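Novice: only geometry, no sequence info:
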């Protein structure tokens, strides 16, 4: 476990104590494990860290939504079968939107989560350029340790 994730776990424990004041002092509150090895895990680490630090952060869903157009029909001899399909409707978000949108010390911060050799798409590069042109901050986070170091350097 990295030093940054240990700090995050300590922050989570402090937040649990703050929220659950009636929990007995002599017992340890259960803290969810943190892991930055997957995109979902890293996203959760970053969002929780920012919230525990007193800032606003939210995950941005850009996948769209499924519309189930399937139905069960009965043919003339009484057999049932499924017809139709599930279609995906595009999201209403801006193409290339970052995975996390946050406000830190009044600054708009967009965080793109990338794991391993994953690279930004052309739409994500254009989105980054638009954010930076408007005066916002855009960062590509690959590990929680890297994000934490950037945060310490930029906001402390």
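Specialist: Done, it's in. What you see is a predicted model; the values in this text were computed from it and never measured.
Novice: strand partners of the helix or strand hosting residue 58, parallel vs antiparallel please.
Specialist: In this assignment (DSSP states H and E), residue 58 forms part of strand 56-59. With DSSP bridges as the test, strand 56-59 is paired with strand 100-104 (antiparallel).
Novice: buried residues in the strand holding residue 58?
Specialist: residue 57 (16 or more other C-beta atoms under 10 Å). From N, CA and C alone the C-beta is placed, and that goes for glycine too.
Novice: Give me the next element, helix or strand, following that strand.
Specialist: Strand 56-59 is succeeded, C-terminally, by strand 65-68 (DSSP H and E).
Novice: any residues touching that next one, and which ones?
Specialist: 84, 86-89, 91 (C-beta atoms under 8 Å, 6 or more residues apart in numbering).
Novice: Who are the packing partners of the longest helix seen in the chain?
Specialist: Looking across the chain with DSSP state H, the single longest helix is helix 3-19. Secondary-structure packing of helix 3-19 (3 or more C-beta pairs under 8 Å, 6 or more residues apart in numbering; DSSP states H and E): helix 39-52, helix 144-155.
Novice: got the angle for the first one vs strand 100-104?
Specialist: The one in question is helix 39-52. On the basis of axes from the mean of the first three to the mean of the last three C-alpha atoms, to 10 degrees, helix 39-52 is oriented at 20 degrees to strand 100-104.
Novice: tell me what helix 39-52 is packed against?
Specialist: Counting contacts by 3+ C-beta pairs under 8 Å, 6+ apart, helix 39-52 packs against helix 3-19, strand 56-59, strand 100-104, strand 107-113, helix 144-155.
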